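Asks: Fold the following and give me the result.
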Amino acid sequence: MAISSTDISNRIVEAVLAQKLAPGSRLGEQELALLFDCSRTIVREALTRLAARGIVTVSARRGWYLIEPSQDEAREAFEARRVIETGLIRQSAGGVRKEALKRLKQHLQQEKAALRQDDIGKRSYLLGDFHVCLADCLGNSLLADTLRDYTARTTLIAMRYQSTHDAEQSCEDHVRIVEALERGAIAEAEALMAEHIGTVQAALSVSTAPDPLARLREALAPVRAAGANPDDATSAQLLRTTPPKAAARKRSAAGGPDSSDDSSTYLGKLL
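Replies: Sure, this is the predicted structure:
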C-alpha cells in the first residue's frame, strides 16, 4: 500500500513526541522520499501541512527544519494548552463515559510500564499522547488533533529549554486527573490539569538562551587518561564557553587581544 502525505506527517509528529527529533532538525525532501519510498511531491505535501500546523519551518535556501521555539512562543503554546485542556474538562460536567475511563486507565498502565522499562522514547510519547487521548475520550476529536500539534510543539520546547520536569511526576499527575474524573470531581480535575501544565512550564530553563553548541562541546571535550593533569591541555583543545559577542565584549573591556588571536575560536570559525 502506497504511503500518503498524512502518514508521513503523522510519523514525524510521533518522532517529535518521542523526542527522537530535536528542535532545528533538518528534514530533507530527498532523504525522506528515500526512507518512505515515495516521491518528493508527497514528502513536500507532508512538510507543507506540518508548516501550516506550526511544527516545521522552511527556508528557500536551507530547506525544511523542525521549529526552534522562542521563549514567547513557548509561553503562548503552554497558555493555549491550558485554555483548551481545562475547558475540555469543564465541559465534561455531565460525566465521563465508562468506556472512556477504561481507555484512559489503559493508557496510564502503558505509561507506568514505559517508566519501569526506562524506555525514554516510548515514555515521552505516551506522556504527551495522554493529553490527546483525554481530549478524544471527552468527545472532541477536532480538539484532540489540535492538542496533538500543541503537544508536539511543547515537546520541542521542553527539549530546547532543557526541561527538568520529572517523567514519574507527570504520570502521577495524569493518574490524579483521571481519578478525579472518575469520581465526578470535575472542578478538581480542571484544577489538577491547570497545575500540571503550569508545573511542566515552570520546569523549563528559559532564564538563559539555549546553547546551540552544548552537545557538540560536550562531545568534543578532551578525553584524558586516569591521573592526568587536568591543566595539561593544548590550546587546540580549548572550546568556547561563551557566546562570540559576549566573549568579544569581555576582551574589549579587559583590553585583551582581538578575536583573531584567540585560538579557542577555531571551532566556531569552522562551524
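Asks: which parts of stretch 150-169 are buried?
Replies: Using 16 or more other Cβ atoms under 10 Å as the burial criterion, the residues of stretch 150-169 that qualify are 150-161, 163, 165, 167. From N, CA and C alone the C-beta is placed, and that goes for glycine too.
Asks: my bad, stretch 105-117
Replies: By 16+ other Cβ under 10 Å, the buried positions in stretch 105-117 come out as His107, Leu108, Gln110, Glu111, Lys112, Ala114, Leu115.
Asks: before we move on, the earlier item: mind checking which of the buried residues of stretch 150-169 are in helices?
Replies: Within those, residues falling in helices by DSSP state H are Tyr150, Thr151, Ala152, Arg153, Thr154, Thr155, Leu156, Ile157, Ala158, Met159, Arg160, Ala167.
Asks: Show me where the stretch 151-271 of the chain has its helices.
Replies: 167-183, 186-202, 214-219, 244-254, 266-270 (DSSP state H, counting those that start in this stretch).
Asks: still on that earlier bit, with respect to Ile84, which of the buried residues of stretch 150-169 is nearest?
Replies: Checking the buried residues of stretch 150-169 against Ile84 with Cβ to Cβ, the nearest one is Tyr150 at 7.3 Å.
Asks: lowest average confidence, helix or strand, in the protein?
Replies: The weakest-scoring helix or strand in the chain, judged by mean pLDDT, DSSP states H and E, is helix 266-270 (a mean of 32).
Asks: follow-up on the earlier one: which two in the buried residues of stretch 105-117 are spaced the farthest apart?
Replies: Longest span within the buried residues of stretch 105-117, Cβ to Cβ: His107 and Leu115, 13.0 Å.
Asks: where are the low-confidence patches of the chain?
Replies: Residues of the chain that meet the criterion pLDDT under 70 lie in 206-212, 214-215, 224-271.
Asks: And the strands in it?
Replies: Applying DSSP state E to the chain gives strands spanning 56-59, 63-66.
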